[in-house]
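Student: Structural data only, the sequence is not supplied:
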């Protein structure tokens with residue numbers, strides 16, 4: 001048997017093992033990751049420029065300046081999103097505690113439906129932005145609803161939370177982030 005045939009035989013025997021080992025390493029790496037953590041290039045960057053109409057009053061148009069009155073949360077929500085409905089009661093509680101939340105209604109095809117949602121379930125938002133095509137959400141890199149952005153007093157995005165804001169994750173992590181933003185604003 002020639003040396004070339006020996007090398008080829010070695011490769012045929014071990015190539016599947018190498019591929020399998022690489023696949024195992026790749027999959028094991030994914031097991032330890034947090035599915036709610038989606039990195040954002042906008043962290044520690046100013047909020048992007050945008051224009052969006054008010055959900056209730058189409059004559060009123062907001063720009064990114066509305067998010068420079070922080071610290072505040074910007075919550076991306078939609079009536080078609082069951083997780084948004086699950087988090088809504090807790091957002092009402094946060095709002096009642098004086099935490100300002102700007103709502104970004106994302107890709108709802110019916111303004112009336114979104115207004116009815118807020119009239120029925122309560123309106124935790126200090127401002128309601130209407131984004132039926134998702135253009136504003138695109139500027140923020142929104143992956144889906146719900147997402148919540150923590151924005152400091154200077155209009156800088158400091159944290160992005162993917163998924164619902166609920167009592168557990170608020171108490172375990174999110175409240176500390178918000179309190180840090182408050183402390184920085186007070187200095």
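Tutor: Yes, it's here. Fair warning: this is a prediction, and the values are worked out from it, not measured in the lab.

Student: residue boundaries of the strands in this structure?
Tutor: Applying DSSP state E to the chain gives strands spanning 45-46, 51-54, 61-63, 72-77, 101-106, 127-131, 147-151, 156-162.

Student: and the shortest one, what's its mean pLDDT?
Tutor: If I follow you right, that is strand 45-46. For strand 45-46, mean pLDDT is 96.

Student: could you say what helices and strands it packs with?
Tutor: strand 156-162 (3 or more Cβ pairs under 8 Å, 6 or more residues apart in numbering; DSSP states H and E). C-beta coordinates here come from the backbone N, C-alpha and C atoms, glycine included.

Student: neighbouring strands for the strand it packs on, and are they parallel or not?
Tutor: Next to strand 156-162 in the sheet, as set by DSSP bridges, lie strand 45-46 (antiparallel), strand 147-151 (antiparallel).

Student: Can you give the distance of it from its chain's centre?
Tutor: Strand 156-162 has its C-alpha centroid displaced from the chain centroid by 7 Å (Cα atoms, centre = their mean, to the nearest Å).

Student: Endpoints of stretch 60-68, how far apart?
Tutor: Start-to-end span of stretch 60-68 (Cα to Cα, to the nearest Å) is 18 Å.

Student: wait, stretch 63-78
Tutor: So stretch 63-78: terminal residues 20 Å apart, Cα to Cα.

Student: Can you name the residues bridging to the spatially most central residue of the chain?
Tutor: Centroid-nearest residue in the chain, with Cα atoms, centre = their mean: residue 147, separated by 2.8 Å. Beta bridges link residue 147 to residue 76, residue 162, judged by DSSP bridges.

Student: got any ranges where this protein has weak pLDDT?
Tutor: 1-40 (pLDDT under 70).

Student: Which residue ranges make up each domain of this structure?
Tutor: The chain breaks down by automatic domain parsing into domains covering 1-33, 45-186.

Student: So which of the strands of the chain is the most surrounded?
Tutor: Mean neighbours per residue, mean count of other Cβ atoms under 10 Å, is largest over the strands of the chain for strand 72-77, with a mean of 26.

Student: got the angle between that one and strand 156-162?
Tutor: Counting by axes from the mean of the first three to the mean of the last three Cα atoms, to 10 degrees, strand 72-77 points 40 degrees away from the direction of strand 156-162.
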